[in-house]
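Colleague: starting from these lines, generate the structure:
(one chain, ligands or ions: 1)
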Amino acid sequence: MKSIKRQKRVAAVHDLSGFGKCSLTVALPVLSAAGIETSALPTAVLSTHTGGISGYTYRDLTEDMRPFIRHWKSLDLQFDALYSGFLGSFEQLDIVGAFFEEFKTKENLVLVDPVMADNGTLYKVFTPEFATGMKELCKQADIIVPNLTEAALLLGQPYNPGPYTHAYIEETLLRLSELGPEKIVLTGVYFQEEELGAATYDAHTNTTDFIAVSRIPGSYHGTGDIFASTVLAGLMNDFSLNEATRIAVRFTANSIMTTYLAGTDHRFGVNFEANIPGLLKELELV
Ligand code: PXL
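Modeller: Numbering: from 1, shown residues only. This is a model prediction of the structure:
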């Protein structure tokens with residue numbers, strides 16, 4: 001057991017999708033399990049996520065966000081990390097940018113997961129202008145966690161489906177850090193068909209790292225949110241960027257494996273819950 005420390009607090013800016021584990025229904029349990037107090041600034045409320053499920057309801061919470069932020073400011077709340085993911089409208093890019101400006105301190109961390117696309121295509125609720133706006137938001141971040149589709153959109157370059165070369169990944173990491181963020185975690189990285197993992201870059205130390213695990217067949221919804229939330233959980237528990245990324249790759253892969261073996265619908269998200277005890281061991285919390 002680690003000695004008792006001051007509890008860290010994170011503000012998570014994501015949608016709440018009622019069914020189909022992703023965004024807040026992943027960020028809250030993962031961060032809470034890792035001992036972190038997690039406040040939610042919801043961007044939208046949906047009956048399900050938008051990936052491969054039709055007929056979902058969509059309540060855009062743009063109008064609630066500024067009053068939410070004002071109230072938090074009036075309470076003089078402080079956060080150890082500001083963590084944004086799926087935003088509910090174009091206007092929210094500015095609102096979240098202003099939120100970062102208000103709550104950024106010298107010590108805390110701004111992590112932007114530029115959730116907007118995967119497998120070479122934008123999610124259907126977003127426009128190319130949204131991608132341009134997301135690039136501006138990323139400039140305010142200390143860490144960004146894009147997949148390779150999002151990286152291509154942020155850099156205005158064509159999507160490359162892989163397998164990748166080390167040179168391509170290193171160049172992409174460098175160009176992303178030139179946007180502003182000191183640390184980059186790139187997901188969906190693979191050099192051979194049978195693997196999948198992530199790459200990191202830290203501009204402060206000018207170091208790059210790769211971690212890959214065996215690829216599990218299929219594409220599983222919500223895994224990007226599990227991954228990014230776990231990277232943050234690791235960082236908030238004082239692991240280095242590379243250690244936190246390794247923990248996140250293993251936890252995400254284990255959750256996918258549990259789901260693959262169970263044969264459940266990939267659109268409904270993965271069984272990360274079964275793997276939380278393993279995560280807590282990796283985080284040295286038990
Ligand atoms: O996991 C990303 C995500 C989050 N929230 C909503 C989504 C998606 C991806 O499709 O639709 C509502």
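Colleague: alpha carbons only for contacts and neighbour counts from here, please
Modeller: OK.
Colleague: please, which helix or strand holds Val249?
Modeller: Taking DSSP states H and E as the criterion, the element that holds Val249 is helix 241-262.
Colleague: what residues of that helix count as buried?
Modeller: Neighbour counts over helix 241-262 (16 or more other C-alpha atoms under 10 Å) mark 241-260 as buried.
Colleague: anything in that helix near the ligand?
Modeller: No. Where contact is defined by C-alpha under 6 Å from any ligand atom, no part of helix 241-262 touches the ligand; the two come within 13.1 Å at best.
Colleague: for whichever helix or strand comes after that helix, the distance to its chain's centre please.
Modeller: Where DSSP H and E defines the elements, the next helix or strand beyond helix 241-262 is helix 276-282. In this view, helix 276-282 has its centroid 19 Å away from the chain centroid, taken as C-alpha atoms, centre = their mean, to the nearest Å.
Colleague: CA atoms of helix 276-282 as PDB?
Modeller: Only the C-alpha atoms of helix 276-282 are listed here, as PDB (Å, rounded to 0.1, in the frame of the first residue of the first chain):
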ATOM      1  CA  ILE A 276      -9.800  -3.100 -12.500                       C
ATOM      2  CA  PRO A 277      -8.200  -5.300  -9.800                       C
ATOM      3  CA  GLY A 278      -5.300  -5.900 -12.200                       C
ATOM      4  CA  LEU A 279      -5.100  -2.100 -12.900                       C
ATOM      5  CA  LEU A 280      -4.900  -1.300  -9.200                       C
ATOM      6  CA  LYS A 281      -2.000  -3.700  -8.800                       C
ATOM      7  CA  GLU A 282      -0.200  -2.100 -11.700                       C
END
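Colleague: what does it contact?
Modeller: Applying C-alpha atoms under 8 Å, 6 or more residues apart in numbering, the contact partners of helix 276-282 are 30, 33-34, 247, 251, 286.
Colleague: which single one of those residues is nearest to Ser17?
Modeller: For the contacts of helix 276-282, the residue nearest Ser17 by C-alpha to C-alpha is Val30; the value is 15.7 Å.
Colleague: I figured Ala27 hits Ile226, correct?
Modeller: Yes. Applying C-alpha atoms under 8 Å, one finds Ala27 in contact with Ile226, separated by 6.8 Å.
Colleague: next, the nearest residue to His49 once chain neighbours are set aside: phi, psi?
Modeller: Counting by C-alpha to C-alpha, 6 or more residues apart in numbering, His49 lies nearest to Ser17, which is 5.3 Å off, once chain neighbours are set aside. Its backbone dihedrals place Ser17 at phi -100, psi 120, with angles given as degrees, to the nearest 10.
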